[in-house]
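Participant: could you work out the structure for the sequence below:
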Amino acid sequence: MLSILALLSLFAADEAEKLGPTVGEIMEAAPEEVWLDPDPDQVIYIETEKGTAVVRLSSNLAQGHVEQVKTLAREHYYDGLHFYRVVHGFVAQGGDASGEKDKGSAKDSLPAEFEETAPEGFAFTPLGFADGYAAEAGYTDGMPAGRDPETETVWLAHCTGAFAFGRDVGRDTASTEFYITIQPQRYLDRNLTVFGRVIYGMDAIQALPRGNFGDGGVNADEATWTEIKSIRLESEIPEEDRIDLEYMDTSSETFRQLITARSARASEFFYYRPGYIDLCQMPLPVRLTPEDAE
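Facilitator: Sure, this is the predicted structure:
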């Protein structure tokens, strides 16, 4: 006779099977065509003593901000500057703390791109669950995003690893100072312009020394600032020095299956399954190319 524990285990396994495949099973069965190579002209490497963070820039939204950071990277603006403001659980901010460095051919200020009319051919994969910060939450081109079907506007979301420019109180005052979210900060959506996301090396950002809350996260002792050795476009880095990454096509059926699996929590480990997932809990699958992973 089976024990009560064994019966419960069989029941849990049967329930999990009804809920469909697990995340692990979907990832294992993912076809090669769902893995995409980032455009080297749309990727920047942030080099610090803590490691390298790889940021993929948006290819369809906030293009004014994208062009600004690419110009700054090409002209080596950030080399020797610092991460000088790091707030625990909030953001890591980098750039010129003095505000005095020559911007070269970059713009002094940028028109805000908080939200935009959906561009032609815009592809959006809805998450399928209610969201407190957007009429509809989902993914576009590998980026977590929100949209409003009534106004036909879209924007990128402040999930962990969001790459954005800071600004003053004025809408159009962003210029060079960037930040990376250490944890989700969705209340910032449509208040600042997100135009990229860390897809590799988030551990290097998480390792940055924190500032004091009372000082707004700015490290008062400049000796504790973390130097930005360089920010470069991947296309300007020798191929042998690149980190070969692939990310999953968020318009693919495989990615839609992952959304279902993460909300269902089909693994036998789970006893309570909420049948829900929020936007920032739906990570973008990223991997080293198979030949590099070996």
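Participant: for Arg262, give its distance to Arg256.
Facilitator: Going from Arg262 to Arg256 by Cβ to Cβ, to the nearest Å gives 11 Å. C-betas here are computed from N, CA, C, even on glycine.
Participant: so the nearest residue in space to Ser58 that is not next to it in sequence is in which element?
Facilitator: Excluding its sequence neighbours, the residue lying closest to Ser58 (Cβ to Cβ, 6 or more residues apart in numbering) is Phe195, at 4.9 Å. Here Phe195 is covered by strand 193-200, with elements defined by DSSP states H and E.
Participant: what lines up beside that strand in the sheet?
Facilitator: Partners of strand 193-200 in the sheet, by DSSP bridges, are strand 51-57 (antiparallel), strand 162-165 (antiparallel).
Participant: off-centre distance for the longest one?
Facilitator: Looking back up the chat, that one is strand 51-57. Centroid separation between strand 51-57 and its chain, computed with Cα atoms, centre = their mean, to the nearest Å, is 10 Å.
Participant: can you pull out the residues in contact with it?
Facilitator: Contact partners of strand 51-57, identified using Cβ atoms under 8 Å, 6 or more residues apart in numbering, comprise 38, 42-46, 66, 69-70, 142, 163, 180, 195-205, 207, 234, 243, 245, 247.
Participant: just to be sure, Ile228 is in a strand?
Facilitator: Yes: Ile228 sits within a strand when classified using DSSP: H, G, I helix; E, B strand; the rest coil.
Participant: please name the nearest non-neighbouring residue to the residue nearest in space to the middle of the chain.
Facilitator: In the chain, the C-alpha nearest the mean C-alpha coordinate belongs to Arg197, at 3.2 Å (Cα atoms, centre = their mean). Nearest non-adjacent residue to Arg197, counting by Cβ to Cβ, 6+ apart: Gly161, 5.0 Å away.
Participant: burial measure for the residue nearest to Ser58, as a count.
Facilitator: Phe195 has 26 neighbouring residues, counting by other Cβ atoms under 10 Å.
Participant: over to Gly216?
Facilitator: Applying other Cβ under 10 Å, we find 11 residues neighbouring Gly216.
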